[in-house]
Structure formats: C-alpha cells, structure tokens
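A.B. asks: coordinates only, sequence not included:
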C-alpha cells in the first residue's frame, strides 16, 4: 500500500467517524428530550459528546488505518495510539461517573425541610464518585505505562517481589491509606452527612463538603473549618441532625422569685403561635434552677431545621424579655440588702 493510499484511508476513517458521531449524538439528544429531567439529560449528552466523538474516531482509525504498513513508525504509532485510547476511555468513564451522580442527585433535594434521606444519598454518591474516579485514573495510568515494552518487562520481573514491595508501600503510605479507608467508612456508616449541623472543636456549623481526605465545615459566621476526614472516625463530636433535620432550641430567662411563671407560660404560647419558624411540636416552659438571687426559667421550643431554630430562639428571647419589662418590671433580677432595726439605747448617767 502506497503512502497516498494510507493517507486516503486515514482521511476516510475520520470522515466516517465524524458522520457516525453526529448521528449518535443526535439520537442521544432526541432521547434526552423525552425524559422528565430534560435539562439534566441534555447536560449529560453535552458532557459526553467530545470524549464519545474521540472514542468513535479512534475506533474507526484502529479498524481502517493500516498501521502495519508503515515501516519504521509502526511501534511508535502503536504506543501513541494505545495511550491516547486509554486516555479517552478514562475521560469517558469519568464523565459517565459524574453524569450518574447528576442523575441520582436530581431525585434528592437538600432544600426541603425533611432532607435526611437526601443528605444520606448525596453523601454516599459524592464519596463513591470520588473513589471510583481515583480507581479509574490509577488503572488508566497503569495500562498506559504497560504500553511501553521495556516498562512491561520491568513490571513482570517485579511480580516476584510484589509482596515485599506491597509491605514497604503499605508502611510508607499508611496515612494515605487511612484517609482512603476513612472515606469508605464515612460513605457507608455515615457519622456525618452533607448539611449536617455539627459542633467540631468548639465551632458550630454545617457540613459543606466531604472529600476523600478532608471535610469542610461551614461555620455560622461564614468561616470554613477544614478537618481531616479521620477526625470524624477517631474523635468525638456533636451531630445535631444525625437522625432528623428537626432540632430543639432553649432560651433561658432569669427573674426574681416573685415572678408569676404561669403568665410567662401563656405568653410563650402566644409568641410561638405567631412565629413562622416554630414547627408546632415542642412548647415547654419550666423553672430549671433556683439560684441565690434569681430563678432560672427555661423555654424549650422546636423548629424544622437548625437555621430556623436559631431565628426562633432569638425571637422568643427578645419577646420574653420585652414581656417581663412591660408587664412585670418589678420582678426583674435584683439584689436585696436587709438591714436590722438599730435601736439607740441611752447609757445611764
């Protein structure tokens, strides 16, 4: 086969692959428009269009282009083609994994009030996605290296010492392996989930992001606390939304001992009934402590989620303080000093 014929076959294979790619992508777009979540499916088709086009092109070139007829360049072209093919397949697999995550997460919305199941599924999917991407990259890298004959020979000779090498690598990468296993454990046992309300190192915030090596906690004042993922396996922490997004809040008021508690109990009910953050479940007011100068009154209220609970506590606190100031100011905390009657006695002259 002449050089001109080889070039002609190469151009023909590219043109055929382009035509097939256009047909395949149009079919996929037509199928995507028939789905319920049309926007997500069209986004997925757009993502896979380029790697799919390259895969089809390389497949036709592999079948039609005569690599064996190119003397002197056969080995180099074969290696280049093999590595390129591995990269394209790796790219397509990563896009497919990310697309699968989009499809699953579209069914679970974190913005709803009772989002426990959504947080559970999203946490698992995100962690599993990152683990699968790491595995795909490692396999693609290893297969690409094996495309070189010399490296393949070295790899075969090292198989006999793989056990010793594995032990050495295991000790050297002990920390990395621990992080990787912690990611697996977080994904399936789920001591934390996305959007969980936690207290970590004395900081109150939400779980914003979970990676294979660290967790991002969004603090209430917009700061971000970066915590190693092993922290949530090895150390204790508080998770306020472990079993439900619902949360209770407390408000403490200190008044004099003569204060009528029943009046404040009725006022708390009136406050909650006109406050939208209250979920209508918990409404309790009790005297929880008797101190030296005041008695401690605790209002216990509930809300659908932690942001609503914070706003509810603030509003209840303000309203109860205003109630005491306006209705019973005489029972505000005070300090008493009682002096005994001093009777002057005259000394006899």
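C.D. replies: Now that the structure is in, tell me what you want to look at. Everything numeric in this text was worked out from a predicted model, so none of it was measured.
A.B. asks: Measure how far stretch 264-272 is from the centre of its chain, please.
C.D. replies: 38 Å (Cα atoms, centre = their mean, to the nearest Å).
A.B. asks: got a list of contacts for it?
C.D. replies: Residues from elsewhere that reach stretch 264-272 (Cβ atoms under 8 Å, 6 or more residues apart in numbering): 253, 278, 283, 285, 297, 299, 301, 315-316, 319-320, 323-324. All C-beta spots, glycine's among them, are computed from the backbone N, C-alpha and C.
A.B. asks: and if we set it to 6 Å?
C.D. replies: 278, 283, 285, 299, 316, 319, 323 (Cβ atoms under 6 Å, 6 or more residues apart in numbering).
A.B. asks: next one: stretch 230-238
C.D. replies: 178, 182, 191, 192, 198, 199, 200.
A.B. asks: In strands, which of those residues appear?
C.D. replies: Secondary structure defined by DSSP state E assigns 198, 199, 200 of these to strands.
A.B. asks: Now the contacts of stretch 230-238 in CSV, please, with extra columns for neighbour count.
C.D. replies: Shown next, in CSV, are the contacts of stretch 230-238 (neighbours: other Cβ atoms under 10 Å):
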residue, neighbour count
178, 15
182, 20
191, 13
192, 24
198, 24
199, 13
200, 20
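A.B. asks: For those, work out which two are farthest apart.
C.D. replies: Greatest spacing in these, by Cβ to Cβ: 178 and 199 (24.0 Å).
A.B. asks: May I see the buried residues of stretch 42-52?
C.D. replies: Across stretch 42-52, burial judged by 16 or more other Cβ atoms under 10 Å covers 44, 45, 47, 48, 49, 51, 52.
A.B. asks: Can you tell me which of those end up in strands?
C.D. replies: Those of the buried residues of stretch 42-52 lying in strands (DSSP E): none at all.
A.B. asks: sorry, back to before: kindly indicate which of the ones in strands among the contacts of stretch 230-238 lies nearest residue 123.
C.D. replies: The nearest member of those to residue 123, counting by Cβ to Cβ, is residue 198 at 13.0 Å.
A.B. asks: So which residues of this protein form helices?
C.D. replies: 3-33, 38-64, 74-105, 116-145, 149-158, 162-172, 174-189, 231-234, 261-273, 306-327 (DSSP state H).
A.B. asks: Distance to residue 241 and mean pLDDT added to the ones you listed, as JSON lines?
C.D. replies: Shown next, in JSON lines, are those (distance: least, Cβ to Cβ, whole Å; pLDDT from 0 to 100):
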{"stretch": "helix 3-33", "distance to residue 241": "36", "mean pLDDT": "71"}
{"stretch": "helix 38-64", "distance to residue 241": "27", "mean pLDDT": "77"}
{"stretch": "helix 74-105", "distance to residue 241": "19", "mean pLDDT": "80"}
{"stretch": "helix 116-145", "distance to residue 241": "8", "mean pLDDT": "81"}
{"stretch": "helix 149-158", "distance to residue 241": "49", "mean pLDDT": "58"}
{"stretch": "helix 162-172", "distance to residue 241": "37", "mean pLDDT": "55"}
{"stretch": "helix 174-189", "distance to residue 241": "16", "mean pLDDT": "73"}
{"stretch": "helix 231-234", "distance to residue 241": "14", "mean pLDDT": "87"}
{"stretch": "helix 261-273", "distance to residue 241": "21", "mean pLDDT": "94"}
{"stretch": "helix 306-327", "distance to residue 241": "7", "mean pLDDT": "91"}
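A.B. asks: want to try CSV for these, with distance to residue 336 as columns?
C.D. replies: Compiled in CSV, the helices of the chain are given as follows (distance: least, Cβ to Cβ, whole Å):
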stretch, distance to residue 336
helix 3-33, 78
helix 38-64, 69
helix 74-105, 62
helix 116-145, 51
helix 149-158, 86
helix 162-172, 70
helix 174-189, 56
helix 231-234, 50
helix 261-273, 20
helix 306-327, 18
